[in-house]
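Student: what would the 3D arrangement of this be:
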Amino acid sequence: MDSETQANIERECEKLSVAYARHVDFGEYDKFVQLFAEDGELNVTGRPVKGREDLTRAMAARSGALRSRHVLTNIWTDVIDDDYAEGISYVSLYRHTGEDLEGDDEGPRIISGPSAIGHYADKFVRTDEGWRFASRVLHFAFRVGS
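Tutor: As a prediction, the model looks like this:
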């Protein structure tokens, strides 16, 4: 594979990670689900959700009282071949749960720091729709205790 093709694949996979954070944080769940392959899997709770239909249901169940920001850094992609890649991205997760925040422009909420810090382990696949997540698994290194 030539270096230009490899760089393009790396960029497409990086864009998926950034779009993931944007769509989940701004409640754009229809767009969020489309980032995954038809049989793509997401595991952020220890219980995998597989396929777009189940992802759609899981996102619909997300509380309107939750405001989150996923801050991604150290995004790295290893291109396996023309159709597969693997990667990692570090995440600092900021969350606030309170009154229903849907349509709320009342300003920032008070928090004391990130709720959790960890990384996503990703598998990417090229589909007829372009590059998509085949699998995304969240691993926490640190989290706020209770």
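Student: list the contacts of Tyr94.
Tutor: Shown in contact with Tyr94 (Cβ atoms under 8 Å, 6 or more residues apart in numbering): 68-69, 71, 111, 113-115. Using the backbone N, CA and C atoms, a C-beta is placed for each residue, glycine as well.
Student: surely Phe32 and Met59 touch.
Tutor: Yes: if you go by Cβ atoms under 8 Å, Phe32 and Met59 touch, sitting 6.1 Å apart.
Student: more neighbours: these two, which one.
Tutor: More crowded of Phe32 and Met59, by other Cβ atoms under 10 Å: Phe32, with 22 against 18.
Student: list the contacts of that one.
Tutor: For Phe32, the contacting residues are 20, 23-24, 55, 59, by Cβ under 8 Å, 6+ apart.
Student: which residues of this structure fall in helices?
Tutor: 3-25, 29-33, 52-60 (DSSP state H).
Student: follow-up on the earlier one: which of the contacts of Tyr94 are buried?
Tutor: Buried subset of the contacts of Tyr94 (neighbour count, 16 or more other Cβ atoms under 10 Å): 68-69, 114-115.
Student: can I get those residues in CSV including distance to Lys123 and pLDDT?
Tutor: Formatted as CSV, the buried ones among the contacts of Tyr94 follow (distance: Cβ to Cβ, whole Å; pLDDT from 0 to 100):
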residue, distance to Lys123, pLDDT
Ser68, 23, 92
Arg69, 25, 95
Pro114, 25, 93
Ser115, 25, 93
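Student: pipe these into a markdown table and attach distance to Glu10 per row.
Tutor: A markdown table is the format used below for these (distance: Cβ to Cβ, whole Å):
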| residue | distance to Glu10 |
| --- | --- |
| Ser68 | 26 |
| Arg69 | 24 |
| Pro114 | 27 |
| Ser115 | 29 |
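Student: of those, closest to Arg132?
Tutor: Among these, Ser68 lies closest to Arg132 (Cβ to Cβ), at 22.1 Å.
Student: quick revisit: which neighbours do Phe32 and Met59 share?
Tutor: Common neighbours of Phe32 and Met59, using Cβ under 8 Å, 6+ apart, are Val24.
Student: state the distance from the residue positioned nearest the centre of the chain to Asp82.
Tutor: Geometric centre of the chain, nearest residue: Tyr20, 3.9 Å, by Cα atoms, centre = their mean. According to Cβ to Cβ, to the nearest Å, Tyr20 stands 23 Å off from Asp82.
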